[in-house]
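S.K.: Structure of the sequence below:
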Amino acid sequence: MFIFQRGAFVSEPAILVKRKGLASQVWSMEKLENKLIDMRDLYEERKEKNLPLQVRVPTYKWHE
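M.R.: As a prediction, this is how the structure comes out:
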């Protein structure tokens, strides 16, 4: 988002998220903060229930 102010462009900070096998995304600072809160809550919930912190998801190779 660009804001025109006194003859100059000012932009908000943004985070470029890159993940293997997926398209890149641009997140706002607010979205990053929300993702971090979600991760913290998930971490605390799994610790309380003595569940593994990492769950392995099988990777599938797509054949064309």
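S.K.: check which helix or strand covers residue 35.
M.R.: Residue 35 is part of helix 29-48, with elements assigned from DSSP states H and E.
S.K.: helices and strands of the protein: which one bottoms out on pLDDT?
M.R.: strand 2-5 (a mean of 54; mean pLDDT, DSSP states H and E).
S.K.: Report the next helix or strand after that one in sequence order.
M.R.: Criterion used, DSSP H and E; the element after strand 2-5 is strand 8-11.
S.K.: Contacts made by the following helix or strand past that next one with the rest, please.
M.R.: On the C-terminal side of strand 8-11, the nearest following helix or strand under DSSP H and E is strand 14-17. Applying C-beta atoms under 8 Å, 6 or more residues apart in numbering, the contact partners of strand 14-17 are 24-29, 31-32. Quick note: C-beta positions are derived from backbone N, CA and C, even for glycine.
S.K.: how about a markdown table for the residues you listed, with neighbour count, distance to residue 56 and pLDDT added?
M.R.: Formatted as a markdown table, the contacts of strand 14-17 follow (neighbours: other C-beta atoms under 10 Å; distance: C-beta to C-beta, whole Å; pLDDT from 0 to 100):
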| residue | neighbour count | distance to residue 56 | pLDDT |
| --- | --- | --- | --- |
| 24 | 8 | 24 | 95 |
| 25 | 12 | 23 | 95 |
| 26 | 9 | 28 | 95 |
| 27 | 14 | 25 | 95 |
| 28 | 13 | 30 | 94 |
| 29 | 11 | 31 | 94 |
| 31 | 14 | 26 | 95 |
| 32 | 14 | 25 | 95 |
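S.K.: In those, find the pair that's most separated.
M.R.: 24 and 29 (17.2 Å; C-beta to C-beta).
S.K.: Rounded mean pLDDT for stretch 9-18, please.
M.R.: What stretch 9-18 shows for mean pLDDT is 87.
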